[in-house]
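Asker: give me coordinates for this.
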Amino acid sequence: SFMPHITHHPLPLHRTLFAPIAPLEPLAPLEPLHAQASQRVASVWPAPAPLAPQRQSSHLLPLYSSNFDTEFVPLEHQHQQQHQPLPQGRQDAGTTPPVQTTSGVEQKPFNVDAISTDVNAPNPAIFFQQSFPFFGNEFFNSFGGFGFGAAQEPWWKGPNVCTEKEEDETVATETEGEETVDTFGQERDGVSSVVRSPLFGQFQFSVNSCAEKPNKHVCTKIVNQNGKKKTLTLTRQCCYGYGRPRNADITTPCEKIEIKDVEATASDMGAKQFLESARSAGELAEMLGSGNGKKVTLFVPNDAAFVEYRGHHQQENNVEDSKPANSIYKLHAVLGEVQLEDVPNEQLLQTELPDQKIRINSYQLPAALGLEPFRFAANCVPIEKHDKLSEQALIHTLGGVLKPLTKNVMDIIRERADMSIMRTVLEKTNLSAMLEGDKPVTIFVPTDNAFEKLEPHLRRALKEGRGCASNILKNHMLDLTFCSLATVPGAKTTAYNLLGEALLLNRTQPKANQTGPAAIFINNVAKITDADIMGTNGVLHAIDTILPTESALPMTSLMAQKNLTIFQRLLEASGYDDQFDDLDNVTIFAPTDKALNNSEWARMLTDQPELLDHNLDLLEFLNYHVVKPMIKTCDLSEKSLPTVAGASVRLNLYSTHALFSDVMNRATVNCARLVHFDDESCGSVLHQVDRPLSPPKNNMLKLLEANPNYSKFLELVRKANLTQLLSNDSRSLTLLVPKNDVFDELTESGDGQTKAADAVALVKTHVVEDVVCCAGIIPTNWPFVRSIESISGQHLRITRDRRPKIENAGVTKCDVVATNGILHEINDIIVPRPAHNQQRPQLIPPGAGFQPQGDFDVFF
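Answerer: Got it, this is the predicted structure:
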């Protein structure tokens, strides 16, 4: 579809596209055009110099003159260019005439038309419509930039628009002057908008970054050359006496508005009583600058808010008619014309009252609510109507009366009798300094009654300022000013605290007969009981419940939350629960309630709890479940780790994937399986295991000697002279032990006599140089067969049906832990497969007449 435009409009540079660059003359500066109210203005940057015929020497030259002259040109000439000649000395920006170069080649300038609709955004999203000089404007403009169809003209290109131009020149930093190379082989000059192509020629262009606001359109261009950076800003806005409706379409032009006296304007906005009171107090004229012509902005409480304020003021002073202090009026006046769309969030405005400032906050609302895109607050008092121009001042109306602010947030907490515990905790954790600083802060402060609701371990940790008390407090703090008006009934608002965790605030729908504001809940746990208590450096809100966070809970509290009640009760019964809560950088393997339910410790907990108090055996049992340092599952590896009790535990990893056997996704500690893991608590981590851990007392040989059911296998071990192997504590073995009754069956069948050589082979077949827990044996089918290798070199197939199975023997008792490995009791003597059966299985099915000889052959 593009071919007709290429064939009908030949490229102006096609004859010299690959010609070397010739030295170019700098562009002559143009006189700026000062726009009138009815003019439509656009910004056009200097045209790049054309490509020239080949000369003897060619080199890159700067395309901007040394004084950075840059011209803003009227836009209306663009539409007249095709039919009317241009005035002498002025060239059009849109349908620009050919630029004659010394070579006679026509060159067209690079134009940028930027459109954005972001308000108060530090990095506005910009849509660019560009026409490149080497294609010509006709090529892209025939489609309306990069889009298709005719583009609608925005309001700032229409009538009644005034233009301001600002220039600022500074010395570019080293980073801004640094040259970089992009992936297309073009040199690109850091922050500068200059682009040079070493392959095809030289061209240079700049891009406008533009921000679109309801009544203002601001474009900024930065030129960086020869160590100098020049910023040019072009602002287009409705001229004085003209305006656009709020939330108007981008094509709605500036239209004449009626401007009234300040009191008449305030009356129309429902806020006349405050100004009437100020006039009767003799303060209104001074608030308006006493007629000196200076611009003023007034934050005027609406009539309902001012009447309520006067009522409270009369009650506090116990008089029938108490006028507000004169200072209250100047607190609502700010010098200068402050349009809220131009004020960044957290901006402090100096009022006409000395040492008093107004903090402006803006909160964006989702478009789906059908409300205005932004809500504004002044010292957390809602700004209801804003940016209304009167003859003497710009007016914003408030939903309340501003009060002088003399104390920071921490000072307010110190003065509140119902926040004494929070004050103590903040001071013990040194977080009080943050609430006394200059940076904005929000804190949700639990009252003293909220602390009484806590379970004892968490309350102790907080009151003493120990452990993760600071994390619990940071869960209540934001590094910004969060006013209650940021919440909307029926919508959920998310704010991130100092821990980086989300707080979900939900304002309930007001009831039919409700008079006050609807309740606000945080994480569906805490209710704000007193909102928007403003300080000089932020705001605090009183809440009735402490906000829990797992990362800040004491370990015993976390156990209770995770339903590890028996282990947690054992800690409390032992009297060592506080000691456990004070542990840092540890890993705790806590047995589940199901695992402990039938244990001796659980029985004593129910029947004889007094025997557990400071019981040293119980303390050893508990400490054996604690390992240093803190290890999350992503950092687990196969190794032994010392516990707080002294003895070590053995970590093993297994794969349960039939295909991806190298992907480890199951972990065991002393063959107890991790069933829930990675619950962090105050610098430590909690894993749940499916059985209690007990330190092993004996090695493999002593286990055989201690169990009379293993005496015949022990006899074979001694006959094979392998006792030293099974008593070596430096080894990690898996021993597969048939019980005596298995050997008795062999004796009855006449196969009970075993020679020494046969004894060695038999015993070695039952010893594996690795720890293979029953949790690591999973069901497998051909072709995903798994095996383990005995120390005799035999590959033993492992699988699981009703129970774990190793070759022909089923495991009847799993995971007897020894100091040098584990022991499995099996119900048969393992008979290795013949050598030909240990080869890789063939995918071809067995031929006719094949009769399987055993369970293993069935799979092949």
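Asker: every contact and neighbour count from this point should use C-alpha atoms.
Answerer: Fine.
Asker: quick check: phi and psi on the residue sitting nearest the centre point of the chain?
Answerer: Note on the chain: the residue nearest the mean C-alpha position is Gly500, at 7.2 Å, using CA atoms, centre = their mean. Comment: the main-chain dihedrals of Gly500 come out as phi 80, psi 10, following degrees, to the nearest 10.
Asker: what's the answer for Lys453, then?
Answerer: Summarising the backbone geometry of Lys453 under the convention degrees, to the nearest 10, its torsions are phi -80, psi -10.
Asker: now it, nearest residue through space, not along the chain?
Answerer: The shortest distance from Lys453 to any residue other than its chain neighbours is 7.5 Å, reached at Thr545 (CA to CA, 6 or more residues apart in numbering).
Asker: kindly report the same for Ala495.
Answerer: Of all residues beyond its chain neighbours, the one nearest Ala495 is Leu503 (5.2 Å), with distances taken as CA to CA, 6+ apart.
Asker: show me what the longest helix seen in the chain is packed against.
Answerer: In the chain, ranked by residue count with DSSP state H as the criterion, the top helix is helix 303-317. With contacts defined as 3 or more CA pairs under 8 Å, 6 or more residues apart in numbering; DSSP states H and E, helix 303-317 has these neighbours: helix 272-280.
Asker: in the helix it packs on, what's buried?
Answerer: Neighbour-count burial for helix 272-280, counted by 16 or more other CA atoms under 10 Å, picks out Lys272, Gln273, Phe274, Leu275, Glu276, Ser277, Ala278, Arg279.
Asker: quick one: which of those residues is nearest to Leu431?
Answerer: Using CA to CA, the shortest approach to Leu431 within those belongs to Phe274, at 40.2 Å.
Asker: quick one: contacts of stretch 400-410?
Answerer: Outside of stretch 400-410, the residues within contact range by CA atoms under 8 Å, 6 or more residues apart in numbering are 301-302, 305-306, 309, 328, 331-332, 356, 378-379, 381-382, 423, 432, 435-436, 534-540.
Asker: now with 6 Å?
Answerer: Stretch 400-410 is contacted from outside by Pro301, Ala305, Val381, Leu435, Glu436, Gly535, Thr536, Asn537, using CA atoms under 6 Å, 6 or more residues apart in numbering.
Asker: and if you look at stretch 691-703?
Answerer: Applying CA under 6 Å, 6+ apart, the contact partners of stretch 691-703 are Pro591, Ala595, Ala672, Leu726, Ser727, Ala818, Thr819, Asn820.
Asker: and which of those residues is nearest to Gly810?
Answerer: Using CA to CA, the contacts of stretch 691-703 come closest to Gly810 at Ala672, 19.8 Å.
Asker: how close does the closest one get to Phe274?
Answerer: Computed as CA to CA, to the nearest Å, the Ala672 to Phe274 distance reads 74 Å.
Asker: over to Glu789?
Answerer: In this structure, Glu789 and Phe274 are 91 Å apart, going by CA to CA.
Asker: one more: Cys210?
Answerer: Separation of Cys210 from Phe274 (CA to CA): 39 Å.
Asker: over to Gln724?
Answerer: Using CA to CA, one gets 98 Å for the distance from Gln724 to Phe274.
Asker: if we can go back for a sec, now the buried residues of helix 272-280 as TSV including distance to Glu600?
Answerer: Rendered in TSV, the data for those read as follows (distance: CA to CA, whole Å):
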residue	distance to Glu600
Lys272	80
Gln273	79
Phe274	77
Leu275	80
Glu276	83
Ser277	81
Ala278	81
Arg279	85
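Asker: of all those residues, which comes closest to Ala645?
Answerer: Sorting the buried residues of helix 272-280 by how near they are to Ala645, with CA to CA, puts Phe274 at the top with 73.5 Å.
Asker: list the contacts for Thr799?
Answerer: With contacts defined as CA under 6 Å, 6+ apart, the neighbours of Thr799 are Ile777, Ile778, Pro779, Thr780, Lys805.
Asker: at 10 Å what do you get?
Answerer: Thr799 is in contact with 774, 776-781, 785-787, 805-807, 810, counting by CA atoms under 10 Å, 6 or more residues apart in numbering.
Asker: buried only: go through these for me.
Answerer: Buried members of those, scored by 16+ other CA under 10 Å, are Cys774, Gly776, Ile777, Ile778, Pro779, Thr780, Arg786, Lys805, Ile806, Glu807, Gly810.
Asker: returning to that earlier point: next, format the contacts of Thr799 as CSV and append pLDDT, distance to Arg414 and secondary structure.
Answerer: Shown next, in CSV, are these (pLDDT from 0 to 100; distance: CA to CA, whole Å; DSSP: H, G, I helix; E, B strand; the rest coil):
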residue, pLDDT, distance to Arg414, secondary structure
Cys774, 92, 60, helix
Gly776, 89, 58, helix
Ile777, 89, 62, coil
Ile778, 86, 62, coil
Pro779, 87, 65, coil
Thr780, 82, 67, coil
Asn781, 78, 70, coil
Val785, 82, 70, coil
Arg786, 86, 68, strand
Ser787, 88, 69, strand
Lys805, 91, 69, strand
Ile806, 92, 70, strand
Glu807, 90, 74, coil
Gly810, 92, 71, strand
